[in-house]
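what's the 3D shape of this:
(2 chains)
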Amino acid sequence: MNRYYWILGAFAALVALLAVGLNLNPREVPSPLVGKPAPAFTLAQLAEPDKTLSPKDMQGKVWLFNVWSSWCVSCRQEHPVLVEFSKKVDVPLIGLNYKEVRGDGGFDMGKMSAEDEKKLAWERANSWLSQHGNPYKLTVMDLDGRVGIDYGVYGVPETYVIDKAGIIRMKHTGPITPEILSKKIMPLLAELNK
Amino acid sequence: MRRLLAVLLLGMALNLPSAFASSATEAAIAADPVTEKRLQKLSEELRCLVCQNQNIADSNAELAQDLRREVRTMIKDGKSDKEIIDFMVTRYGDFVLYRPPVQGNTLLLWGGPLVLLIVGIIALVRYQRRRAERVAAEDKPLSADEASRAEALLKELDNK
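As a prediction, the model looks like this:
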């Protein structure tokens, strides 16, 4: 009889192990960038294409860096949360428009000139923001996704919290829900802004 | 016993990483065979973060294509394999390595199967030994009383 208890115990342990494993989110890959300086870039702004922005322009401020695109379905889900956030909270939200044209998949990039891609990207991004509201202080355009690679972007939307010294303090992959905002992001912002 | 061992060995063989056929058919493959060979080798070592059970050589996800392009550029710039792998790890973490490194937090992953195998073999050997002992212990000649009872039963059978 003793042996059967032993087997039952082993089985229960296995079930517990699998239950934990199944409840983990494989999409949540811990970013090695947390605790490191935000990678440098210089990208053109959406509102004023002649102007650029670099992370060092944000030195001395706590800011949010949100990766989005008009073709990204989950961004649509998260967008109202960001709009709400921008109305209530005085923390600059910078957008990184990620591969607006190339990422869409509906275009033959071999046939499109750089000029045309740029024009189309600006058009699409602007119209999306005017349609859904613009929570961003400003948005910069990452047409080829090169800056996205430096930030380890693998699934839009992604959001980074960057502190006054330019260090990434948190990364969230996937849409921001009101719960994540109130439980994780807001407390961190309050702490960093002390 | 021998059959059991064969099954065990077969099971182990099936767990070995199989060589994956690659589906990376990009236009530039003809460009420079040496670069492409290195690209192929490196991208088999890197995980695609979009379709996580594929490496970036096999995956056709956008990100995998971008990362292959990035690796190709770095090879052309004369970067070493280690520099290229480090580039990926600083951005995407150890998770990007399709073959996880042997380190503190992966000891269970690497050593676990071996530990389980050893525990299994020990349990099997103990079980076999105990069984042999039990069989030996029960394999005694019949006592006089038992012998006469057996005799009587056999006789009864014969009479039927």
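
CA atoms of the longest helix seen in chain A as PDB?
Using DSSP state H to define each element, chain A has its longest helix at helix A:2-23. Provided in PDB are the C-alpha atoms of helix A:2-23 (Å, rounded to 0.1, in the frame of the first residue of the first chain):
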ATOM      1  CA  ASN A   2       2.900   2.300   0.900                       C
ATOM      2  CA  ARG A   3       4.200   2.000  -2.700                       C
ATOM      3  CA  TYR A   4       0.900   3.200  -4.100                       C
ATOM      4  CA  TYR A   5       1.000   6.400  -2.000                       C
ATOM      5  CA  TRP A   6       4.500   7.000  -3.300                       C
ATOM      6  CA  ILE A   7       3.300   6.700  -7.000                       C
ATOM      7  CA  LEU A   8       0.300   8.900  -6.300                       C
ATOM      8  CA  GLY A   9       2.600  11.500  -4.700                       C
ATOM      9  CA  ALA A  10       4.900  11.400  -7.800                       C
ATOM     10  CA  PHE A  11       1.900  11.800 -10.100                       C
ATOM     11  CA  ALA A  12       0.600  14.700  -8.100                       C
ATOM     12  CA  ALA A  13       4.100  16.400  -8.300                       C
ATOM     13  CA  LEU A  14       4.100  15.900 -12.000                       C
ATOM     14  CA  VAL A  15       0.600  17.400 -12.400                       C
ATOM     15  CA  ALA A  16       1.700  20.400 -10.300                       C
ATOM     16  CA  LEU A  17       4.800  20.900 -12.400                       C
ATOM     17  CA  LEU A  18       2.800  20.700 -15.700                       C
ATOM     18  CA  ALA A  19       0.100  23.100 -14.200                       C
ATOM     19  CA  VAL A  20       2.800  25.700 -13.400                       C
ATOM     20  CA  GLY A  21       4.400  25.200 -16.900                       C
ATOM     21  CA  LEU A  22       1.100  25.600 -18.700                       C
ATOM     22  CA  ASN A  23       0.300  28.800 -16.800                       C
END
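
after that helix, which helix or strand is next?
Downstream of helix A:2-23, the first helix or strand assigned by DSSP states H and E is strand A:43-44.

which helices and strands does that following strand pack with?
Applying 3 or more Cβ pairs under 8 Å, 6 or more residues apart in numbering or on different chains; DSSP states H and E, we find strand A:43-44 packed against strand A:52-53, strand A:138-142. C-betas here are computed from N, CA, C, even on glycine.

chain center to the helix or strand that the first one is followed by: distance?
Read in the C-terminal direction, the helix or strand following strand A:52-53 is strand A:63-68, with elements assigned using DSSP H and E. A distance of 6 Å separates the centroid of the chain from that of strand A:63-68, by Cα atoms, centre = their mean, to the nearest Å.

repeat for stretch A:160-178
Taking Cα atoms, centre = their mean, the mean C-alpha location of stretch A:160-178 is offset from the chain mean by 8 Å.

any part of that stretch near chain B?
No - Stretch A:160-178 lies apart from chain B when judged by Cβ under 8 Å from any Cβ of the partner chain; the minimum separation is 9.6 Å.

now could you export just the CA positions of that stretch as CSV?
What follows is the C-alpha trace of stretch A:160-178 in CSV, where atoms were taken according to Å, rounded to 0.1, in the frame of the first residue of the first chain:
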residue,chain,number,x,y,z
TYR,A,160,9.6,50.6,-22.1
VAL,A,161,9.9,52.7,-19.0
ILE,A,162,13.0,54.8,-19.1
ASP,A,163,14.3,56.8,-16.1
LYS,A,164,16.0,60.2,-15.8
ALA,A,165,19.4,58.8,-16.4
GLY,A,166,18.3,57.1,-19.6
ILE,A,167,18.2,53.6,-18.1
ILE,A,168,15.5,51.1,-19.1
ARG,A,169,13.6,50.2,-15.9
MET,A,170,10.9,48.0,-17.3
LYS,A,171,9.8,46.4,-20.5
HIS,A,172,6.3,45.2,-21.3
THR,A,173,5.5,43.1,-24.3
GLY,A,174,2.0,43.1,-25.6
PRO,A,175,-0.8,45.5,-25.1
ILE,A,176,-1.0,47.6,-21.9
THR,A,177,-4.2,46.8,-20.1
PRO,A,178,-5.6,49.2,-17.4
